[in-house]
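1. pasting the structure only:
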DNA sequence: CAAAAAAATACAATCGATTGGATTTTGCTG
DNA sequence: CAGCAAAATCCAATCGATTGTATTTTTTTG
C-alpha cells in the first residue's frame, strides 16, 4: 500500500530474475526449478513480501472471497454459523466477508452491492425479516455467482438451501407441550413470508390438528420476535380472559423475555400454570431458571454444510441451478420451562 | 467477474466516449460537464455497471477497507463494538473486514496477514488472550498503516487505545460488594498480561486495601474465564474450608456459570450467603434470576470512538504515533446477585 | 561436437480503474 | 471569421500479479 511495500518486481530485481518467474515460483508452478523456487521463497521471506490480493484478484478475476449476509452477527445461531463457514472456507483457501442486515431490507441491498463490488466468488445468505423483493440477490444469479441460502431463504429462487426441518421441529415442540397437558397453546410468530416462521407456524398448526385441538387465532401473536415483542406478547396473553397454558415462541429471544415478564409480573408458575418453549437453543436458555425448552439447530453444522456446498458450486463441480435442499438434523431440548415431572 | 460484467469501457463504447471520461464522470470530477455526467450516470445505471473495487484499489493504492480483529464475534461486547464500527465506517465510505481470533495467537497472526494482504487502510484490534508477541501487529506500524486498539491492547505499543477505566470499574464493583457486607471476596481473573485483566485485578486489590481487607491469594482464581472456568472456580471456592462471601468475576460468562453451578449444587443463597458480580453487562445478565450485578461497557460507543479515531488517522489528520488513550464511560449495574436490600 | 530436444527463464499483454498531460472542441472577442 | 483562451475530452501510462508465447540456456544424442 505505502510506497515501501515489496512487490514481486522487487524480488525479481533482487535475484536478477523476471517477475513472471517469481510469480510462478511462488505459485509453485512446474515451470520453475526447485532450486529457483527455494531462492525465491527465501528472498520473499527476507524482504517481507506479501502478495497484493487486489492485483492478483484483478488479473485472475477471482477474489478468493466468499460473502456472507446475516441478519445479526450477535445472535448465537448466526455467529456459530459464521464460525462453521470460516472453518470450511479457510481450509479451502477462501476468505470470508461478513455483512449484517440488521433484519432491514435496505441494508441488505447495500450489503449485496458491497459484496458484488468486491467481486466475491459466492454468497451465503440468510435473508432479513423485511426482505420481500429479491432483485439484489437475483443479480448474483445473473452473473453466475453461486448463492447458497441457509436458515432463511427467498421463495421460488433456484438455489441450494441449507436448513433444518422447521415444520417437523415445531411439530415436535407443540406435541411435547400438548403431552405435558396443555390444551390452549399460544404461538409467537415472525413474518410468515419467511420460510422459517411459516414452517414453524404450520408445524404448530398440524400438531394441534393431529391432537384434535382447535387453533385459536387469538393465540397467535405476530411480531418481530425481539425482546420487547416477548414482553408485549406476554402482556397480551395475560390480559385474555382465558389465558393459555403454554407458549411456543418461534425464537428464544422472545420466549426468554416473555418468561421473565411472567415470572415478575404474574403469579403464574412456570411450567405449572404456563409452559414455555423457544427455538434455537441459544446460550441463555440453559442458564436461566427454569431452563427453556427449545430446539437445538447447530449453527456450526449448517454453516459448514452451506460453505461446502457453495465451494463445490464455485469450483463448478455441481450445477449451480440445482435447487437442492440440504436438511441438517435438529433436536428438541426439553427443559424445566415445559417439563412437568 | 464473469465475462458478462460491465466495465467503464463498455459504458465508454456505448456513449462513444473515452473510459477516462467515464471514470471522471462517475467520480464527479470537475473536468466533466454536468450534462455528460448525467448521460454517463444514466448509461451506467441502465447497463447495471458496478465498479470493480479490486481494480480501483490497485490503481489508487487504497482499499477503502478497514480491518477488524476481535477474539469472538459471538460475545455481545464485541458484536456491539462491530456494530458501532460499521456505523461510522460506512458513513465515512469505508468497508469493514472482520476477523475473529478465537482468543488464539496463531489465528490472530493469520488474521493479521489476511488483512495486510487485502491492503486494509487501517486496523482495529482487540488482542487475543494468548497473544504475547506483537510482530504481526508491528508490521502495520512499519507500513504506516494506522492501528487503533480497543478494550484489549498490547503493552508498550505506540497506538491509540479506546478503553473503559477497568481499574476504576473493578474498584467500584469490589467496593459495592464490600459495602454489601462481604469481607472475603474472591476474584476470577484472566491472564494478567492483558491490560483489562490486570487493571480489573488491580482495582479489586486497591478496593480491598482501601477498606482494610486482606487480599487472600487463595481467593484469586486464574483462568480463561470460559463457562467451564466459572464452574471450576465455583467448585474450587465451595471446596474451601472458609468459602468466600462474594465473587467478582472479570467477565460475565464465568460469573453466570459459577452462579448457576452454586444455585444447583449448593445450599448457599445468592446474594445472602454469596454475592456475585460479573463484567460487561451481556444480555443474559438481565434475564437470569437473580439478575447479575455487572459493569456496563458500551461496545457500540467504544466501537464508534475507535473507528472515528482510526479514520482521522487514515486521513492523516492526526499523528498516527500519538499514544492517546480514549476512555469511554462505564457504569456499575447493581442487580439482585449482590444487592441485599 | 554439432544439432536437436528439453528445460528454464524472459518478454509483453492483460485485468479495470485512475490520472497527468496532450489534443480537440467550444465559446468569445475584435 | 480569424485567433485565442477556456472548456471538454482523449491518450497512454500505471498499479501488482498472472500467463501465453518467445527466447535463451541446458541437456541429450547421434
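-> Structure's in. What do you need? Please read all numbers here as calculations on a predicted model, not as lab measurements. Residues are numbered from 1 along each chain as shown, chains lettered A, B, ... in the order given.
2. Please list all residues in contact with residue A:48.
-> The contact partners of residue A:48, taken as CB atoms under 8 Å, 6 or more residues apart in numbering or on different chains, are A:6, B:139. Bear in mind the C-beta positions are built from the backbone N, C-alpha and C, glycine included.
3. what's the residue positioned nearest the centre of chain A in contact with, if anything?
-> In chain A, the centroid-proximal residue (CA atoms, centre = their mean) is residue A:78; its distance is 4.5 Å. By CB under 8 Å, 6+ apart, the contact set of residue A:78 is A:70, A:71, A:72, A:126, A:299.
4. Next secondary structure after the helix or strand encompassing residue A:167?
-> Under the criterion of DSSP states H and E, residue A:167 resides in helix A:166-179. Sequence-wise, the next helix or strand downstream of helix A:166-179 (DSSP H and E) is strand A:185-189.
5. now for the helix or strand following that next one, which elements pack on it?
-> Using DSSP H and E, the helix or strand that follows strand A:185-189 in sequence is helix A:195-210. Helix A:195-210 sits against helix A:166-179, strand A:185-189, with contacts defined as 3 or more CB pairs under 8 Å, 6 or more residues apart in numbering or on different chains; DSSP states H and E.
6. And the ones you listed: which comes nearest residue B:282?
-> Nearest of the helices and strands packed on helix A:195-210 to residue B:282, taken as CB to CB: strand A:185-189 at 23.2 Å.
7. Tell me which strands the closest one pairs with, and in which orientation.
-> Using DSSP bridges, strand A:185-189 pairs in its sheet with strand A:220-222 (parallel), strand A:246-249 (parallel).
8. what sits up against stretch A:144-154?
-> A:71, A:77, A:81, A:116, A:120-127, A:131, A:134, A:137, A:140-141, A:157, A:159-164, A:194-196, A:297, A:302-303, A:305-306, A:309-310, A:313-314, A:320, B:1-2, B:4.
9. Please indicate which of those residues are buried?
-> Buried members of the contacts of stretch A:144-154, counted by 16 or more other CB atoms under 10 Å in any protein chain shown: A:71, A:77, A:81, A:116, A:120-127, A:131, A:134, A:137, A:140-141, A:157, A:159-164, A:194-196, A:297, A:302-303, A:305-306, A:309-310, A:313-314, A:320, B:1.
10. Not including adjacent chain positions, what is the nearest residue to residue A:52?
-> Nearest non-adjacent residue to residue A:52, counting by CB to CB, 6 or more residues apart in numbering or on different chains: residue B:119, 6.4 Å away.
11. Let's verify residue A:69: helix, strand, or coil?
-> Under DSSP: H, G, I helix; E, B strand; the rest coil, the three-state class of residue A:69 is strand.
12. The residue of the stretch 101-250 of chain A found nearest DNA strand D: how many residues sit nearby?
-> When scored by CB to the nearest atom of the strand, the stretch 101-250 of chain A has residue A:119 as its residue closest to DNA strand D, at 13.1 Å. When counting by other CB atoms under 10 Å in any protein chain shown, one arrives at 23 neighbours for residue A:119.
13. Up against chain B, what does the stretch 151-300 of chain A have?
-> By CB under 8 Å from any CB of the partner chain, the part of the stretch 151-300 of chain A that sits against chain B consists of A:256, A:257, A:260, A:263, A:283, A:284, A:287, A:288, A:289.
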